[in-house]
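Colleague: the following comprises the amino acid sequence and a computationally predicted model.
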Amino acid sequence: MLTALFYVIVIACVGTGLFFLASAVFGRGEELPALPPGTTLTQLPVDEVTGADIRALRFQQAVRGYKQSEVDWALEILADEIDLLREQLREATEAAAGSDAESR
């Protein structure tokens, strides 16, 4: 009788371990539906990438992929930086055009 109880406890422990291993490897569910294999929504324009383009990026989910919140955070920082640089470039271009117009 003790042997049967021991087997049940061992099987329960192994099953629990396999459950947690599978949960760690495959995740606990996705917020977005999975894309069909071989397709991706990751697209950027060839020229004039804007912050909105970066914010719209989506990456295909993978079994051992990146943590979505960290990717979103990094993309948001990049998008803000691109918007800031575009605004500075626009202001510098306008200032240069204004000074050229005044000197003529």
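Modeller: All right, it came through fine. Numbers count the residues shown, from 1 in each chain.
Colleague: please make it C-alpha for all contacts and neighbour counts, starting now.
Modeller: Will do.
Colleague: what about Phe6, distance to Ala12?
Modeller: Remark: distance between Phe6 and Ala12 (Cα to Cα, to the nearest Å) = 10 Å.
Colleague: err, Arg58, not the other one
Modeller: Between Arg58 and Ala12 the computed distance is 40 Å (Cα to Cα).
Colleague: and the longest helix along the chain, what does it pack onto?
Modeller: Determined from DSSP state H, the single longest helix within the chain is helix 68-103. When contacts are defined as 3 or more Cα pairs under 8 Å, 6 or more residues apart in numbering; DSSP states H and E, helix 68-103 packs onto helix 51-55.
Colleague: run through who's touching the helix it packs on.
Modeller: With contacts defined as Cα atoms under 8 Å, 6 or more residues apart in numbering, helix 51-55 is touched by 44-45, 72, 75-76, 78-83.
Colleague: for those, work out which two are farthest apart.
Modeller: Distances among these were taken as Cα to Cα; the most separated pair is Pro45 and Asp72, at 19.0 Å.
Colleague: between these two, which has more neighbouring residues?
Modeller: Under the neighbour definition other Cα atoms under 10 Å, Pro45 and Asp72 were set side by side, and Asp72 has more, 16 against 8.
Colleague: which residues touch the more buried one?
Modeller: If a contact means Cα under 8 Å, 6+ apart, then Asp72 has Arg55 as its contacts.
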